[in-house]
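Compute the structure for the input listed below.
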Amino acid sequence: MENAPPVILPLMGSGYDASEVRMIGNITVILLCELIGEVVAKVARLPVPGPVLGMLILFCGLMIRNEMPQELETVGGFLLRYLSLLFVPAGVGVITSLDLLVKSWLPIAGTIVIGTMVTIAITGLVMQFLNRAFGKKGKA
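Below you'll find the model as predicted:
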């Protein structure tokens with residue numbers, strides 16, 4: 001049991017370390033912010049996804065607090081490190097709907113191309129506006 005990984009030790013009854021409890025608390029904070037955002041989005045019938053509102057709530061809380069707790073940064077880094085795993089079910093869904101993609105490839109490709117062009121144009125316009133507003137000349 002001495003050589004067991006640290007993740008398994010708490011499950012074997014050795015007790016929780018104070019930093020582990022703080023990390024669990026920070027995961028809870030992230031999930032509560034997401035839940036509050038989801039409830040607000042549903043109740044107010046906003047066209048914004050609940051998790052986006054939740055992260056905005058978390059951001060505002062951190063701005064008010066004026067610091068990032070180390071455990072929250074650690075938890076956030078862990079979630080970001082394994083974020084790609086969350087795309088596996090979506091990828092499986094795409095593969096199972098391959099026949100639909102084959103039938104609709106032209107509208108999908110057109111939407112992707114037009115969406116990308118619009119995004120690049122809007123990003124350029126916003127950058128030009130911000131450069132003029134703040135009086136900084138970009139040197140490329």
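
what pLDDT does K136 get?
In this prediction, K136 carries a pLDDT score of 64.

Ignore what I typed, I meant A121.
In this model, A121 carries a pLDDT of 97.

Then the one 5 residues further on?
The confidence metric pLDDT takes the value 96 at V126.

quick one: contacts for it?
Applying CB atoms under 8 Å, 6 or more residues apart in numbering to V126 gives no contacts. Glycine gets a C-beta too; all of them are placed from N, C-alpha and C.

That one: what secondary structure?
The three-state assignment at V126 reads helix, by DSSP: H, G, I helix; E, B strand; the rest coil.

quick one: E34 from L58, how far?
8 Å (CB to CB, to the nearest Å).

I36 too?
Noted for I36: a distance of 9 Å to L58, by CB to CB.

out of these two, which sits in the more crowded spot?
Per other CB atoms under 10 Å, whichever of I36 and L58 has more neighbours is L58, with 19 against 15.

Surely that one touches T28?
No - taking contacts as CB atoms under 8 Å, L58 lies outside contact range of T28: 11.9 Å.

wait, isn't V39 in contact with G50?
Yes - V39 lies in contact with G50 (CB under 8 Å); the separation is 7.3 Å.

of these two, who's got more company?
Between V39 and G50, counting by other CB under 10 Å, G50 is the more crowded of the two (18 against 13).

Excluding chain neighbours, what is closest to the more buried one?
Counting by CB to CB, 6 or more residues apart in numbering, the nearest residue to G50 once its immediate chain neighbours are dropped is E38, at 3.0 Å.

how does this protein divide up, domain by domain?
1-88, 96-140 (automatic domain parsing).

Would you point to the one among the ones you listed that's packed deepest?
Ranked by mean neighbour count, these are led by domain 1-88 with a mean of 12 (mean count of other CB atoms under 10 Å).

Restrict the host helix or strand of L100 to CA atoms and write it as PDB.
Taking DSSP states H and E as the definition, L100 sits inside helix 98-103. Provided in PDB are the C-alpha atoms of helix 98-103 (Å, rounded to 0.1, in the frame of the first residue of the first chain):
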ATOM      1  CA  LEU A  98     -21.100   9.800 -42.000                       C
ATOM      2  CA  ASP A  99     -23.900   9.000 -44.500                       C
ATOM      3  CA  LEU A 100     -25.600  12.300 -43.600                       C
ATOM      4  CA  LEU A 101     -22.200  14.200 -44.000                       C
ATOM      5  CA  VAL A 102     -21.700  12.600 -47.400                       C
ATOM      6  CA  LYS A 103     -25.200  13.800 -48.500                       C
END
